[in-house]
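Chemist: Need coordinates for the following:
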Amino acid sequence: MSILHDLAAMIEARKSADPDSSWTAKLLAKGPEKAAEKFGEEAVEAIIEAVKGDRDRLTSEAADVLYHLLVMLAARDVAFDDVLAELARRQGQSGLAEKAARD
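Modeler: All right, here's what the predicted structure looks like:
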């Protein structure tokens, strides 16, 4: 199991936790819209660090992005394994062909 699987499982477990007991539980209790908002904020912060060229800060912000993505998925009951399955489905397919199929 990967660290991302472990993190996704921890986030899923926090869905039933007391919001006063963890940040994850508190964020989930605020609903999917708040989870999406936090993901967006973290993504913007990662973009800023990428543009600035600060590798250490980008690494930290990228970790925040991954965490908040998993929280957002959990808030909408989208399993991490479903996302991995979608990536596997796309593997070996040209990115241009995949994008054209979505348009």
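
Chemist: phi, psi of the residue nearest in space to the middle of the chain?
Modeler: Per Cα atoms, centre = their mean, the C-alpha nearest to the average position across the chain is that of Leu69, at 1.4 Å. Main-chain dihedrals, Leu69, degrees, to the nearest 10: phi -60, psi -50.

Chemist: check contacts around the nearest residue to it once chain neighbours are set aside.
Modeler: Spatial nearest neighbour of Leu69, chain neighbours left out: Phe39 (5.7 Å); criterion: Cβ to Cβ, 6 or more residues apart in numbering. Every residue, glycine included, has its C-beta placed from N, CA and C. Going by Cβ atoms under 8 Å, 6 or more residues apart in numbering, Phe39 touches Val65, His68, Leu69, Val71, Met72.

Chemist: Just the closest of the residues you listed to Ala88, please.
Modeler: Leu69 (17.6 Å; Cβ to Cβ).

Chemist: can you list the weak-confidence ranges in this structure?
Modeler: In the predicted model, the chain carries pLDDT under 70 at residues 1, 95, 98, 102.

Chemist: If anything else comes up later, I'll come back, but that's it for now.
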